[in-house]
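Participant: no sequence on this one, just coordinates:
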């Protein structure tokens, strides 16, 4: 999975610095590789221009004003990127770890279309934002790590705020065959709760049609803040939407003493899946576990 960034601007500034480094060092373009986690970042050195693009802002340092137009020697190029860096190595926090954990950060994913020109997602508009409502198994989207409930902030540099889902889907259709770029916020409408089983292997919840309808008093679920009228979206990072209750219960029993549940309020869930067939959820939804 690609690194996560706290804000859209952090990701874009990281791209700018990475591009600058490659240009200054005279290296050919390479696959995108974040650098700001190593050098730190001061966003005050960047601004939005009149076209809404994030660009390096004016820097008062005379070194910057006198940057030569000729190729820069390697020894100078190696330190030049620090002009846009701060001494705080934690300026950008890029998360890693458990793939089931929701970190609400932003990641960049580049997909290639399949032979039919598809990437394998369906999108839906929620409160002027665009969200992923379906990821087809074995599709480019599934292999790239897109997940149900992810918010898509931009497609190929087109910001999606305020767009309809149909317009967002058209952007995918217009994108190059091998370069469909998604900027995605990690599942902002969902939350994860770790629940421990009791001596009999129970989590202390009752599930009907994938939704938690009751919680046992004094159970781990009750003590950890699990709520009723919430759908179980994932179990330890694996999507379980559309599974029959017997299948879901069996899966929960197979897990270890602690289980991480990804939960989504019923009202939000119904909105996200309202254009999907039950067969899509049950038989076609991606159930792979993304890499951490």
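Facilitator: Right, received. Where do you want to start? What you see is a predicted model, and the numbers here were worked out from it, not measured in a lab.

Participant: excluding its backbone neighbours, what's nearest residue 209?
Facilitator: Once flanking residues are discounted, residue 209 sits nearest to residue 245: 6.8 Å by C-beta to C-beta, 6 or more residues apart in numbering. Quick note: C-beta positions are derived from backbone N, CA and C, even for glycine.

Participant: tell me, how many residues neighbour that neighbour?
Facilitator: By other C-beta atoms under 10 Å, 13 other residues sit near residue 245.

Participant: pLDDT wise, what is it at?
Facilitator: pLDDT, residue 245: 96.

Participant: go on, residue 20?
Facilitator: The model's pLDDT for residue 20 equals 79.

Participant: equivalent analysis for residue 102, please.
Facilitator: The model's pLDDT for residue 102 equals 79.

Participant: what's the neighbour count on it?
Facilitator: 20.

Participant: likewise the one 5 residues further on?
Facilitator: Here the number of neighbours of residue 107 (other C-beta under 10 Å) works out to 21.

Participant: just to check, the residue nearest to residue 209 is in contact with residue 211?
Facilitator: No - assessed by C-beta atoms under 8 Å, residue 245 is found out of contact with residue 211, at 9.6 Å.

Participant: domain-wise, how is this protein divided?
Facilitator: 8-84, 106-185, 191-284 (automatic domain parsing).

Participant: ends of the last one, what's the gap?
Facilitator: Domain 191-284 has its terminal residues 24 Å apart, counting by C-alpha to C-alpha, to the nearest Å.

Participant: just to revisit the earlier point, quickly note the distance from the residue nearest to residue 209 to residue 259.
Facilitator: 16 Å (C-beta to C-beta, to the nearest Å).

Participant: could I get the full set of helices for the stretch 51-200 of the chain?
Facilitator: Along the stretch 51-200 of the chain, counting by DSSP state H, counting those that start in this stretch, helices occupy 62-65, 74-77, 140-144, 165-174.

Participant: got the contact list for the last one?
Facilitator: Spelled out, that is helix 165-174. 117, 119, 121-125, 130, 152, 155-156, 158, 160, 180 (C-beta atoms under 8 Å, 6 or more residues apart in numbering).

Participant: go on, the third one?
Facilitator: Helix 140-144 is contacted by residues 109-114, 118-121, 132, 135-136, 180, 182, 286, 288 when judged by C-beta under 8 Å, 6+ apart.

Participant: quick one on the thing from earlier: of all the domains of the chain, which one is nearest residue 100?
Facilitator: Ranking these by their distance to residue 100 (criterion: C-beta to C-beta) puts domain 191-284 first, at 3.3 Å.

Participant: how far out from the middle of the chain is that closest one?
Facilitator: 21 Å (C-alpha atoms, centre = their mean, to the nearest Å).

Participant: and for stretch 182-195?
Facilitator: Centre-to-centre, stretch 182-195 and its host chain are 8 Å apart (C-alpha atoms, centre = their mean).

Participant: the longest helix in this protein is where?
Facilitator: Determined from DSSP state H, the single longest helix within the chain is helix 8-24.

Participant: partners of residue 193 in the sheet?
Facilitator: Residue 193 has these beta-bridge partners by DSSP bridges: residue 261.

Participant: do you know how far it is from residue 109?
Facilitator: Residue 193 is 26 Å from residue 109, by C-beta to C-beta.

Participant: with neighbour numbers in mind, choose between the two.
Facilitator: residue 109 (19 against 16).

Participant: what residues are up against the more buried one?
Facilitator: Residue 109 is in contact with 2, 144-146, 181-182, 184, counting by C-beta under 8 Å, 6+ apart.

Participant: and these, which two are furthest apart?
Facilitator: So, the contacts of residue 109 by C-beta to C-beta: farthest apart are 145 and 181, at 13.7 Å.

Participant: which of those two has more residues huddled nearby?
Facilitator: Between residue 145 and residue 181, residue 145 has the larger neighbour count (other C-beta under 10 Å), namely 20 against 16.

Participant: so what does the more buried one have for phi and psi?
Facilitator: Geometry field for residue 145 lists phi and psi as phi 100, psi 10, criterion degrees, to the nearest 10.

Participant: quick check: it vs residue 108, distance?
Facilitator: Taking C-beta to C-beta, one finds residue 145 at 11 Å from residue 108.

Participant: swap in residue 144?
Facilitator: Using C-beta to C-beta, we find residue 144 at a distance of 10 Å from residue 108.

Participant: nice, that's everything, thank you.
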